[in-house]
Structure formats: C-alpha cells, structure tokens
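Colleague: Can you look at this prediction? I've put the sequence above it.
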Amino acid sequence: MILDNPLYQNQGIHANLVLFTFDEDKLKVLLIKRTNEPFNNMWALPGGAVYNNETIDEAIKRELKEKTEITNVEFELFNVFSKIDRAPDMRMIGVGYFAIIDKSAISFIKQTQKTQDADWFDVDKIPNLAYDHNEMICDAIQFLQSKIWQKGILKKYFHKA
C-alpha cells in the first residue's frame, strides 16, 4: 500500500444511526438539524466522523451522545454506503446502524455545537435529508422488515405470496 497515492488520500469514515421508535402506532425516525456545512440547516441522521483513536461502534455511541444526549442504545450494523459522491467535500464511507428505542425513555437537547434541534419524523413524511440519509433510512426499513420475517414475529399473521 502506498499511502501517498492520491487515490488513497482525502477519505473518511462516518457512522450514522437510524434510530426508530413507535409513536401512536406509527414508525418514526430520529433526525437532527445541522448547523454546519455542508448541508447547513438541513435535517440528517445522527452521526459523524470516526476518529483514529476509536472503533466505529465507539464513534456511533459518541456521536449519538454529542448530538442528542441519548446513551445506552443497543444498535446493529445494517449496511455500508460507499458511493463516491455521497459527501460534497471528500470521499466519505458511511457505516449505517439501526436501533429501536422507547420514545418515552429519552428527552432531547435543543442545541449542540453541530445541531440545533432533534425530532421524530414519521417514516412516511421524511423531508429531503443531508447526504444520502434518505437512502440509509430506506435501507434500514428494509433491514428491519427482513429481521421481523426472519424472527417469525409476523409469519403467523401474514404469508409471502
């Protein structure tokens, strides 16, 4: 490996969490509003850069706490996002995690250094998000659906055609 190869430079890794909850029988996802570029003032999934001194799992825990003050979430990796142009300023590999939590067990902060708000959005009413986060949510929903079928939770009520 040649580290000074320009094809190897200017890359990063981000960890993002698709955090679901159920509210009034609707599946909702947590979004945060960004206060920095790129995508200033846009909604996005909680997450961010993986530092050189931490694992990706440690990074998602840190990012979630920094941006929402939510801790102690059990999450699962569901996909890796590697489109070359997924971030406008550099090559960024995205590692997608998902989790489901009880909405009543948490409260939100209103602002951090990089976010100005956090809120739950009905998965059927998600706005245009920063980066490729709309795609991440779609993939996480499909992953969640496959987990439900694999575990047999709904098989006694439904059958695949």
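Modeller: That came in fine, so what should we check first?
Colleague: in the protein, which spans are helices?
Modeller: For the chain, applying DSSP state H gives helices covering 56-68, 133-151.
Colleague: For Ile100, which of these is the nearest?
Modeller: The closest of the helices of the chain to Ile100 is helix 133-151. By C-beta to C-beta, the value is 7.7 Å. Any C-beta I mention is one placed from the backbone N, CA and C, and that applies to glycine too.
Colleague: Distance from the chain centre to the closest one, please.
Modeller: Counting by C-alpha atoms, centre = their mean, to the nearest Å, helix 133-151 is centred 12 Å from the centre of its parent chain.
Colleague: okay, now Ala140: neighbour count?
Modeller: 25 (other C-beta atoms under 10 Å).
Colleague: Over to the one 3 residues further on?
Modeller: For Phe143, the count of nearby residues is 17 (other C-beta under 10 Å).
Colleague: That one contacts Phe98, correct?
Modeller: Yes - the criterion here is C-beta atoms under 8 Å, and Phe143 meets it with Phe98 at 6.4 Å.
Colleague: what touches both of these two?
Modeller: Phe78 (C-beta atoms under 8 Å, 6 or more residues apart in numbering).
Colleague: Check whether Leu64 really touches Thr71, as I assumed.
Modeller: Yes - counting by C-beta under 8 Å, Leu64 does reach Thr71; the two are 7.4 Å apart.
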